[in-house]
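> Sequence plus the predicted model coming up.
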Amino acid sequence: MKIQEIICALERFAPLPLQESYDNAGLQCGLTTAEVSGALLCLDVTEEVLQEAIDLGCNLVVSHHPLLFHGLKTVTDATLVERCLRLAIQNDICIYSAHTNLDNAEDGVNFRIAEKLGLIDVQFICPRTLTVGTRTVRCGSGVLGYLPAPEDSLAFLQRVKQAFGVEALRHNQLLERNIQSVAICGGAGDFLLPDAIRAEADAFLTGEMHYHVWFGHEQQIQIAVLGHYESEQFTREIFEQVILGVAPSLPVYHTTVCTNPIMVL
């Protein structure tokens, strides 16, 4: 099977037109006409991840965060991005990224977070439709779902911490009413907090938030912040599901490299 066939499957699931204007999802480097030998799945492309792909005999790396966000004027060894690009090209590795298009896709990143929390009746908070070729695609920013039964705020926060295996969970003042409706936006999601409040969500879960956005919501909504990496850690499961759907015998690996640059003491 050609690498291009794997990419086509990924783009059927999360079409590139779903990405935000600032993003650079899609093919980062490599020749898609090559036969795929194996796929390594990751959140971030680093030299360690690429070396792992080389060691595993994989010529395709699928990442959530694009290696290339901005254009390059040189390709040397001066920066991490340049070194990664050189290493990939030298070893005939194709890098493909599905980022905000996967965030905005139906059954994408936010739906997977909701699944891990055991939420039901999950829908987009800000739904929209987009015409992609001959298809009409449902997409949107963030999701809203419901716990099967209401639970107090501390129990909810403990549920979140356990489901995502986080060492530290940031949150605002404990809500003095039960929580059942939960709004979710993986990654940097504080832009969606006003929409979560308008949707009358009891809680808002995201990966990171700016400091000043936290203010003024005490007893209005329970805010919980996982960490950017932690909120998107299960994205690799989506990649695996899509790829094995079209290539069930292809060797597919999840990286063993933790690319989270943030440590907690």
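Everything's here; your move. Nothing here was measured: the structure is a model prediction, and the numbers come from that model. Numbers count the residues shown, from 1 in each chain.
> contacts and neighbour counts: CA atoms only from here.
Noted.
> hang on, F156 packs against I179?
Yes - counting by CA atoms under 8 Å, F156 does reach I179; the two are 7.2 Å apart.
> could you pull out the helices for the stretch 101-250 of the chain?
In the stretch 101-250 of the chain, the helices defined using DSSP state H, counting those that start in this stretch lie at 109-117, 153-164, 193-198, 228-231, 235-246.
> Tell me the buried residues in the third one?
Looking back up the chat, that one is helix 193-198. By neighbour count on 16 or more other CA atoms under 10 Å, the buried set for helix 193-198 is 193, 195-197.
> Redo the helices of the stretch 101-250 of the chain as TSV? Include distance to A25 and mean pLDDT.
Formatted as TSV, the helices of the stretch 101-250 of the chain follow (distance: least, CA to CA, whole Å; pLDDT from 0 to 100):
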stretch	distance to A25	mean pLDDT
helix 109-117	14	98
helix 153-164	25	97
helix 193-198	25	98
helix 228-231	18	97
helix 235-246	14	98
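> Number of residues surrounding H212?
7 (other CA atoms under 10 Å).
> And the one 10 residues further on, by the same measure?
Using other CA under 10 Å, the number of residues around Q222 comes to 25.
> now swap in G165 and tell me
12.
> what sits against the nearest residue to Q233 once chain neighbours are set aside?
Nearest residue to Q233, sequence neighbours excluded (CA to CA, 6 or more residues apart in numbering): L43, at 7.2 Å. For L43, the contact set (CA atoms under 8 Å, 6 or more residues apart in numbering) comprises 63-65, 229, 232-233, 235-236, 259.
> ok, and the most crowded of those?
When neighbours are taken as other CA under 10 Å, the top entry among the contacts of L43 is H64 (26 neighbours).
> re the thing from before, please identify which of the buried residues of helix 193-198 is nearest to Q219.
I197 (11.6 Å; CA to CA).
> Contacts only, for the closest one.
By CA under 8 Å, 6+ apart, the contact list for I197 reads 220-221.
> Tell me the spacing between it and V143.
13 Å (CA to CA, to the nearest Å).
> Check D55 too.
38 Å.
> higher neighbour count, the two?
Set side by side, D55 and V143 give different neighbour counts by other CA under 10 Å, the larger being at V143 (25 against 9).
> From what I see, the more buried one and G189 are in contact.
No - under the criterion of CA under 8 Å, V143 is not in contact with G189, lying 11.3 Å apart.
> Spatially central residue in this structure, please.
E232 (4.2 Å; CA atoms, centre = their mean).
> give the contact list for that residue.
Applying CA under 8 Å, 6+ apart to E232 gives the contacts 43, 109, 113, 186-187, 207.
> show me what contacts the nearest residue to L250 once chain neighbours are set aside?
In space, and not counting its chain neighbours, L250 is closest to G38: 6.0 Å by CA to CA, 6+ apart. By CA under 8 Å, 6+ apart, the residues touching G38 are 56-60, 250-253.
> go on, E208?
187-190, 225-228.
> for it, which residues make a bridge with it?
A188 (DSSP bridges).
> ok, L67 to V143 distance?
26 Å.
> same thing with L117?
Distance, L117 to V143, using CA to CA: 13 Å.
> And D103, by the same measure?
10 Å.
> what do those two both touch?
Counting by CA under 8 Å, 6+ apart, the residues touching both D103 and V143 are N110.
> circling back: closest to T129 among the contacts of E208?
G189 (20.8 Å).
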